[in-house]
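> Just the structure for this:
(chains A and B)
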Amino acid sequence: MRCQCKTGVLFDHPCRDAATTRCSACGRGTCAVHIRATAAGPRCVPCLRQALRDRQARGHFAFLRDDPYFYWYFSGGNDDAAYDEYDYQLFDERGGHDDAGHEPWEGS
Amino acid sequence: MYALGGGLGHTLRGSALASALTDAGTPARVLVRSDRVWLARELGADATAVERTADPTRLRASVESALRGCAHLIVDALPSGILGELSALPRGVRTTLLARLHHPRALPTVVAALGRYDRVVDLEPELEWLPQGAVPLGPVVLPSRELDDGAPKLDVLVIADDDALARFGRRLARRLLARGAVARLWHGERSRLDLGRIRPRVVVGPAGYHLTYTARALGIPHLAVPRPRRFDDQHRRARAVAELCHDPEALEARARELFSSSRPGRQASPYHHPADLARAVLA
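Next comes the predicted model:
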């Protein structure tokens, strides 16, 4: 069975990956990319997004704050945090990395 | 079509070329790393998965097996392959190299391997190390999946292909969101990034070939954060084609200046479609 979630930044596309887990809230089959472990069991990305629409509930899902699928629900509050040394390193000529240490498949 | 590599660009370009060649009556297959087969198929290409391994002997065996029966081998950017598996090209097979920018560190190896190819097609302007007789084509960009009304749907799209850039991208997007901008981070999505369809006012991201020339073709300002690569020279490409900022604050300020400006984005630049590349390869 295929994952029943949609994927995409702005536009929805069907996810073509194989479903490996069922969401404990809605029951849809979900791939590993579109499922998150929560205190209430595995939840799919659409169910969590639905839950995050409720501002009061966001505190229960703080672990999703840095997750690229959810981070924008958490904007506000501490979002003027200054850039740190790791961010600055990205702008060094070497991009904050030792080139020689690159795994060949990732360095092409 | 050998399209193994780190970034998504290898898979995108290789798959689009394989589809264009097949459409032109020359059945083509693309060799991609096994975790990118979904993307090749999304682009309609006949794809063969090659397992990602650090063992040169295993990789050579996989590639040689996949090349059996092939009459024309087209290689994207890495003339000797990732682990040297193309250091001996198959005999009796026509060979074409699609040449792009390389880091000066990798250049001696690349130049030494050029002579083994029957034909070299230049996908990037002014590669001064190419042999005489190389075919000067220029940037090749994939067409958008759907025609767009041209209206920006996002102020800023941050594209990250590694965790370090994603970390900065999340912070940048949050800071922009807090100031009323519509900003999103693209990282690890399981769908093709179709910049022409999303059409942000500004794109922030690495300076790989695919993103840089797609943004330029669409006229979308591209604030580049070049990433270190073993073969590619993202700094040089960013200096030539995109816009470089010196630090995170300067980049954020420039992004805000660009998306809040009433002036249109930069002018779109000429580019080629994969069908043009297919013609250049088959000529």
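
> in chain A, what spans have low per-residue confidence?
Applying pLDDT under 70 to chain A flags residues A:9-11, A:75-80, A:94-103, A:107-108.

> ranges for the strands of the chain?
Just so you know, I chose chain A. Using DSSP state E, the strands of chain A run over A:6-7, A:13-14, A:21-22, A:29-30, A:35-38, A:41-44.

> Wait, chain B was what I had in mind.
B:29-33, B:46-50, B:72-76, B:94-99, B:119-122, B:135-136, B:154-159, B:183-186, B:200-205, B:222-224, B:243-244.

> nearest to chain A, of these?
strand B:183-186 (5.1 Å; C-beta to the nearest C-beta). Every C-beta, even on glycine, is put in place using the N, C-alpha and C of the backbone.

> if we can go back for a sec, of the strands of chain B, which is nearest A:Ala37?
A:Ala37 sits nearest to strand B:183-186 of all the strands of chain B, at 21.7 Å, using C-beta to C-beta.

> same for the closest one, what does it pack against?
Counting contacts by 3 or more C-beta pairs under 8 Å, 6 or more residues apart in numbering or on different chains; DSSP states H and E, strand B:183-186 packs against strand B:154-159, helix B:163-178.

> by contact count, what packs against the last one?
If contacts are counted by 3+ C-beta pairs under 8 Å, 6+ apart, helix B:163-178 sits against helix A:85-89, strand B:154-159, strand B:183-186, strand B:200-205, helix B:248-260.

> C-alpha coordinates for it, CSV please?
Taking Å, rounded to 0.1, in the frame of the first residue of the first chain, the C-alpha atoms of helix B:163-178 are listed here in CSV:
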residue,chain,number,x,y,z
ASP,B,163,21.4,19.9,7.7
ALA,B,164,23.7,22.9,8.3
LEU,B,165,21.9,25.0,5.6
ALA,B,166,18.5,23.8,6.8
ARG,B,167,19.3,25.0,10.4
PHE,B,168,20.1,28.5,9.1
GLY,B,169,17.1,28.3,6.8
ARG,B,170,14.7,27.6,9.6
ARG,B,171,16.0,30.5,11.6
LEU,B,172,15.9,32.8,8.6
ALA,B,173,12.4,31.7,7.7
ARG,B,174,11.2,32.2,11.2
ARG,B,175,12.7,35.7,11.4
LEU,B,176,11.1,36.6,8.1
LEU,B,177,7.7,35.1,9.2
ALA,B,178,7.9,37.2,12.4
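
> Name the residues of it that are buried.
Within helix B:163-178, the residues that count as buried by 16 or more other C-beta atoms under 10 Å in any protein chain shown are B:164-178.

> chain center to that helix, what's the gap?
Centre-to-centre, helix B:163-178 and its host chain are 23 Å apart (C-alpha atoms, centre = their mean, to the nearest Å).

> Also compute the angle for it relative to strand B:154-159, please.
Here helix B:163-178 runs at an angle of 170 degrees relative to strand B:154-159 (axes from the mean of the first three to the mean of the last three C-alpha atoms, to 10 degrees).
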